[in-house]
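Visitor: Below are the sequence and a predicted model for it; my questions follow.
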Amino acid sequence: MRVLTVLLLLLLPPLTFQILENPVISPAQLFCPTVGTNAYALVTVCSNTTKVEFVQLLQAYAKFMPMNSSQQIKYDFYFGSNYSTIITTTDLTQEVDDWVNDTNYMNLLYASSKTDSETPELVGIAKSILDNVAKDNQLDSTVYLKKQVVLLTNYVPYNVTDVFNNNTNENTQRLGLSLDLDLSPLDKAAEFPVFRIDDDRDVASIRAIFQETRDFEFPAIVHEDKPQSDIYVFMTSANMSQLMNVIETAINGPTCQMASTKMYSSFIHTQLVKNDTAWNLVIPWLGQKTHMFASNCMKSLNHFKSNTNCTAVKDQILNSYVNSISTAKNQTFAYLFIDNSECAMTKNLTTIMEDSTHVRIVMNEELNDVYEDFTLPLVNLGFLDKTIDNQVIKNNMFYLQNYSTSCADEIPMVPLESARPWHRPKYLSIALDDMLTIFICATISVSTFGILIYRYVSRKHRQQVELLTELMLQPRIYKAPKECPKVARLPWEIKSENVNL
């Protein structure tokens, strides 16, 4: 089996770039949620509205907003076209109760909210609200917030609904709340959800609508700054803690971070696998709020389930990785997280890329276990020798967080792991491979030596048979008695040469 592996590795270089021929399917888009809320409320009621009904309208809106929240919300209230106020609180219900207890202040709000239908001044107020929303979308301190625009009324102000219907600001939620029992006229005029204050059939669902987040959209009105480096992250599974680690490295890295007053829509490009589907997630640069926004995004997406099996979707992620690093022109730092090395062993992860492109392949398995089948082919192809930033590393949070070479000019000395004796892994496949090899070698050796000994014995046997055959053919010559002095006389005869005088 190892012989076959070596043959496959020898055939790997001619297959270079074949993976690029496979079409890269565009993944589905995944969005981060907005964080927090800025609320804008326009309160306008007809002149015959009672003060009690007016108070009920305010209390109904407060009932649907967060109570005792850990995060403060800034409310911009516009009472008709004559008065406005701004409050920042965690509990709007308490603020409204304070207004109700202050008779003079409540009378001011009530009188200011009375408006004749189709008052032109309301159009200016509605437009100023949308202008304030646009300003919030241009500031790094408020761009990540949900902008809630609420119309509190008991009639149909068509001039106001027309303005709100034409809203083009991103991250905006438009809602209507009415005292009128018949919502049909307002519902037809407004291109956004409207509710009655006495609709107690499903208060929880209405409250959920008022408090829901929005999918964050980077505002088109923002002037984007150009980044120093591009960051790409490809993950064959969805691990938000790993992704957050990469984001923190990019935010704090001197070669990747941007100015604290600038914004950029595509700071970090991410492709990951969720529920056997490829998703594209883009993390923007929002100045000093980037870390907070990204952290909240990772927490909201931390419910993904990972699957370590090799699937076609993971092949798509690997294809996207090769395609991205081969076309990168700017200085680029690319991460490839692989949860199962078997899914990438048959892929050629190397390609022609610029020297300014640096790749880190992060493995879940131990590096010793994947070296022969995964890392060594990359070394043989010269992929890991081009720059120290092209690495195959273990998915270890300690090293990824403290000793990453991505987005860094320099890093501290990395503590080495303690040395340990290396023992050959005791795998059943290796044992069977070794047993088969020993059996074949032993069989060849025994057969060879057996043949040699057999031929030697056979040759000796043939020689002896030939000698005996020759003796049988010439018996007289070889059976004649030998001449010996001791047997040439009788026992009593004495030869003269044996007598000494």
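Guide: Done, it's in.
Visitor: which residues of the stretch 401-501 of the chain score low on pLDDT?
Guide: Within the stretch 401-501 of the chain, the stretches with pLDDT under 70 are 414-425, 475-501.
Visitor: which stretches of the stretch 301-450 of the chain form helices?
Guide: 312-327, 367-370, 376-380, 397-402, 428-473 (DSSP state H, counting those that start in this stretch).
Visitor: and if you look at the stretch 101-250 of the chain?
Guide: According to DSSP H, counting those that start in this stretch, the helices that the stretch 101-250 of the chain contains are 103-113, 120-136, 158-165, 184-189, 203-211, 240-252.
Visitor: for those, which one ends up most surrounded?
Guide: Of all the helices of the stretch 101-250 of the chain, helix 240-252 has the most neighbours on average by mean count of other Cβ atoms under 10 Å, namely a mean of 20. Heads up, the C-betas are built off the backbone N, CA and C, glycines and all.
Visitor: Direction included, what does the longest strand anywhere in the chain pair up with?
Guide: When the chain is parsed with DSSP state E, its longest strand is strand 263-274. Strand 263-274 has the following strand partners under DSSP bridges: strand 230-235 (parallel), strand 277-286 (antiparallel).
Visitor: I would like the residues contacting the longest one, please.
Guide: To tie it back to what came earlier, the one meant is strand 277-286. With contacts defined as Cβ atoms under 8 Å, 6 or more residues apart in numbering, strand 277-286 is touched by 25-32, 140, 143-144, 216, 218, 225, 227, 238, 247, 258, 262-273, 290, 293-294, 297, 301, 313, 316-317, 320.
Visitor: same question, the shortest one
Guide: Applying Cβ under 8 Å, 6+ apart, the set of residues contacting strand 230-235 from outside is 242-243, 246, 250, 256, 267-273, 317-318, 320-321, 324-325, 328, 330-337, 406-407.
Visitor: most packed of the strands paired with strand 263-274?
Guide: strand 230-235 (a mean of 24).
Visitor: ok so, going back, now the helices of the stretch 301-450 of the chain in TSV, with mean neighbour count?
Guide: Shown next, in TSV, are the helices of the stretch 301-450 of the chain (neighbours: other Cβ atoms under 10 Å):
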stretch	mean neighbour count
helix 312-327	20
helix 367-370	14
helix 376-380	15
helix 397-402	13
helix 428-473	10
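Visitor: N38 - that's part of a strand, no?
Guide: Yes. Using DSSP: H, G, I helix; E, B strand; the rest coil, the assignment for N38 is a strand.
Visitor: list the contacts for it?
Guide: I73, K74, D76, V133, D136, T142, L145, K146, K147, Q148.
Visitor: so where's the chain uncertain?
Guide: 1-26, 117, 200-201, 303, 346-348, 350, 385-388, 414-425, 475-501.
Visitor: circling back to that earlier point, using TSV, lay out the helices of the stretch 301-450 of the chain together with distance to A208.
Guide: Output for the helices of the stretch 301-450 of the chain, formatted as TSV (distance: least, Cβ to Cβ, whole Å):
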stretch	distance to A208
helix 312-327	32
helix 367-370	47
helix 376-380	50
helix 397-402	36
helix 428-473	55
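Visitor: closest to C343 out of the strands paired with strand 263-274?
Guide: For C343, the closest of the strands paired with strand 263-274 is strand 230-235, at 12.2 Å, according to Cβ to Cβ.
Visitor: could you check the angle helix 312-327 makes with the closest one?
Guide: Calculated by axes from the mean of the first three to the mean of the last three Cα atoms, to 10 degrees, strand 230-235 forms an angle of 160 degrees with helix 312-327.
Visitor: can you give me the angle strand 230-235 makes with helix 240-252?
Guide: Using the same axes, to 10 degrees: strand 230-235 against helix 240-252 is 170 degrees.
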